[in-house]
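S.K.: Fold the stuff below for me.
(2 chains)
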Amino acid sequence: MATDISSERIVAPVRRSSEVEGTQWAGPPRHRVLAVAGQVVRWTLLGGFSLLFLYPFAWLLSASLKPRGEIFDNRLIPHTVVWDNYVEVFNQLPLLAWLGNSVVIALLSAGLMTISSSLVAFGFAYFRFPGRAWLFRLLLASMMLPGAVTLIPNYLIWRYLGWLGTSVPLWGAALFGSGFYIFLMRQFYLSLPKELFEAARVDGCSALGLFTRIAFPLALPASVIVFIFEFQAAWNNFTGPLIYLNATGVENFTVPLGIAHAMSVYSPTNGGQGDYQYVMVASLLVTLPMIAVFAFGQRYFVEGVASVGVKG
Amino acid sequence: MSSAHSVGVTGSGAAGPRAAAELTDTPAPRTPRGRRRKVREKYSWRESLAGYLFISPWLIGFLTFTVISMTWSLVLSFTDYNLATGSQTPAGLDNYRLVVEDPKVITSLLNTFVFVVLSVPLELVLAMVLALLLNTVRRGSGLFRTLLYLPKMTPAVATAAVFLLLLNGNEGAINAVLELFGIPGPQWLSDPSWVKPSIVVMGLWGVGGSMVLLLAALRNVPRELHEAAAVDGASSSRRFFSITVPMISPTVFFVVVVNTIAALQVFDQAYLLFYRDGNSNAPDAALFYGVYLFQQAFQQFNFGLAAAMAWLLFVIILGITAVQMLVGNRTVHYEGGR
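M.R.: Below is the predicted model:
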């Protein structure tokens, strides 16, 4: 393929430069000045947007350290710093119980979802059985189903099973896998070399062994994506706890439901005294683990999101 | 599991579970050629069994939470359901008639459509601008991407708690900033005409998800195309519209479809900002379809009516998605054809 090679040579110097100014490397000095100016403009714009996007976080942190009367003074550096808010919040609200509930539900959801989705994905990727293509198409179609349609009957199903008011409905569905994750894992399993499994099978490895000893360990990076995504979804979930836990005692709430509860308790229209600093502390505490998860697994997030886009 | 080695395409017409049950390593006897049936795969029953066992969690879940659930939902929508006694009495089309005649349903539908029309294009444009900037900036792209994505990680309830105070019409920070520029800030949370923009602003804070998708698409545009065009003298704007836009159009389309479906079901933000107290003094402008559906189901316990509303929403979502698909098939460029 001589043509390929020659085009490789022509384009080699361009590789390093950015897409839009693809030609500036060879251009006259005027172009170089323009390119630098373009970079400065981009940097300024991105910096401005980033500051704008970070402002609510800074505001949240600042408000969480303010006394009641100063929350609305809009100073980023609090006039009076009340570290005690971070202690007092645990007396004012059953935040510890909420955090515990949230952790249990998020861990159960993420763990069960990772295992179930991996199993199902391996079933679709590796074994041949009648109706496989048809069932997989059904699975893809079910991803498009809007949640609102099954919301009410699912509530009635959990009610029929006697699990209303418990956390079971919040993580129980994770036992059955989920279309998007199954799809993601299946793509990964399909990319594994078949010879690996053939060899193990010749050596007498069982079907389950193929999964637990070969497929699952090799697919760990993809499993991490599923775990992180589902952990985030369960941790941030508001509608679920609102439907399934709202009628129970306050101490059974998750952090998001608890914060919503605190917001209305403290609201002056409800006879509260506007102690929003505690809401801010709780909001910060519920956000921090997600930022930590993102810092730890950013690579996985970007990969996971990108894999959706490429398929889309 | 060695029997799976025998799996292969044979001329046998006798496929399916019955044939698979024969347990053979030898090819099944061929049917007379005269029967001209489609060539089918022959399956090993052991491999099939293993496959079904592996996918059984999903099968059980799908049957319970999709098939039974949707059937029940459909039945519910034609009945008068009493939660206390669990009794269902047939109601014919009553629920659907109530839905169509309820002025609040119309209001909430219109509110939702306005929200979709405001939020989906704005989010797409902002996500596109940010993704293009990230794709062409030479230093710090990773850092900026991280910072811009962070809001997407924030739980909806924390976002709502912060924006509830930021958007406060009298003392909120957003209006304080506007005042610096001499702009009198609106009553974001109580003026009916500013309710939807408030929620749109909150949503735009989480633009990072769409942004990362578009950025991934931009990074996937083959350099060679740009380079070849540049060598041929195409200007950068020409290259953008003739190469970049067609190449990323599938992702743009995906973002629009997914965001539209999400916006049609908007609930969390609206509920948290306006309905968390269950108070009735929330402006009508904040009554979105998802919120009204929730109220009917879990506050009024009108399950029949709510089920009918859910099916109406389903049909609307299907219709809008179908229209988008039709438009998409004409305008979206798929590499390698379709």
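
S.K.: ok, now which ones touch the residue in chain B that chain A sits nearest to?
M.R.: Relative to chain A, the nearest point of chain B is residue B:61 (2.3 Å; Cβ to the nearest Cβ). Just so you know, the C-beta spots here come from the backbone N, C-alpha and C atoms, and that holds for glycine as well. By Cβ atoms under 8 Å, 6 or more residues apart in numbering or on different chains, the contact set of residue B:61 is A:173, A:175-177.

S.K.: Show me what stretch A:243-256 is in contact with.
M.R.: Contacts for stretch A:243-256 (Cβ under 8 Å, 6+ apart): A:94-95, A:97-99, A:101-102, A:105, A:151, A:155, A:158, A:164-167, A:169-170, A:236-238, A:241, A:257-258, A:261, A:282, A:285-286, B:155-158, B:298.

S.K.: residues near the residue of the stretch 101-250 of chain A found nearest chain B, how many?
M.R.: For the stretch 101-250 of chain A, the residue closest to chain B is residue A:176, as judged by Cβ to the nearest Cβ, at 2.3 Å. Neighbour count for residue A:176, taken as other Cβ atoms under 10 Å in any protein chain shown: 22.

S.K.: List just the nearest of the contacts of residue B:61 to residue B:43.
M.R.: residue A:177 (22.8 Å; Cβ to Cβ).

S.K.: show me the residues around that closest one that make contact.
M.R.: A:113, A:116-117, A:119-121, B:57-58, B:61.

S.K.: again, but for residue A:146
M.R.: Listed by Cβ under 8 Å, 6+ apart, the contact set of residue A:146 reads B:261, B:264-265, B:313-314, B:317.

S.K.: try 10 Å
M.R.: Neighbour list for residue A:146: B:261-262, B:264-265, B:290, B:310, B:313-314, B:316-318, B:321 [criterion: Cβ atoms under 10 Å, 6 or more residues apart in numbering or on different chains].

S.K.: coming back round to it: list the ones among the contacts of residue B:61 that fall in strands.
M.R.: Using DSSP state E to define strands, no part of the contacts of residue B:61 is located there.

S.K.: Out of these, which is nearest to residue B:199?
M.R.: residue A:173 (27.6 Å).

S.K.: Just give the number of residues close to that closest one.
M.R.: 20.

S.K.: what about the closest residue in space to it that isn't next to it in sequence, distance to residue A:154?
M.R.: Spatial nearest neighbour of residue A:173, chain neighbours left out: residue B:65 (6.4 Å); criterion: Cβ to Cβ, 6 or more residues apart in numbering or on different chains. When distance is defined by Cβ to Cβ, to the nearest Å, residue B:65 is 6 Å away from residue A:154.

S.K.: Could you name every residue contacting both of these two?
M.R.: Counting by Cβ under 10 Å, 6+ apart, the residues touching both residue B:65 and residue A:154 are residue A:173.

S.K.: Tell me which residue lies nearest the centroid of chain B.
M.R.: residue B:258 (3.7 Å; Cα atoms, centre = their mean).

S.K.: does stretch A:151-165 come close to chain B?
M.R.: Yes. On the criterion Cβ under 10 Å from any Cβ of the partner chain, stretch A:151-165 is in touch with chain B at A:151-161.

S.K.: Let me see the mean pLDDT of that stretch.
M.R.: Taken as a whole, stretch A:151-165 carries a mean pLDDT of 91.

S.K.: Is it correct that residue A:67 is in contact with residue A:276?
M.R.: No. Using Cβ atoms under 10 Å as the test, residue A:67 is too far from residue A:276 to be in contact (11.0 Å).

S.K.: Same drill for these two, tell me which one is more crowded.
M.R.: Using other Cβ under 10 Å as the criterion, residue A:67 and residue A:276 rank with residue A:276 on top: 23 against 15.

S.K.: can I assume the more buried one is in contact with residue B:164?
M.R.: Yes. With contact defined as Cβ under 10 Å, residue A:276 and residue B:164 form a contacting pair (8.5 Å).

S.K.: Which parts of the stretch 201-338 of chain B are helices?
M.R.: Using DSSP state H, counting those that start in this stretch, the helices of the stretch 201-338 of chain B run over B:208-219, B:223-231, B:236-239, B:245-264, B:268-270, B:289-294, B:303-331.

S.K.: Now tabulate these in a markdown table and tack on mean pLDDT and distance to residue B:108.
M.R.: A markdown table is the format used below for those (pLDDT from 0 to 100; distance: least, Cβ to Cβ, whole Å):
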| stretch | mean pLDDT | distance to residue B:108 |
| --- | --- | --- |
| helix B:208-219 | 91 | 25 |
| helix B:223-231 | 88 | 46 |
| helix B:236-239 | 87 | 43 |
| helix B:245-264 | 92 | 11 |
| helix B:268-270 | 91 | 10 |
| helix B:289-294 | 94 | 4 |
| helix B:303-331 | 91 | 9 |
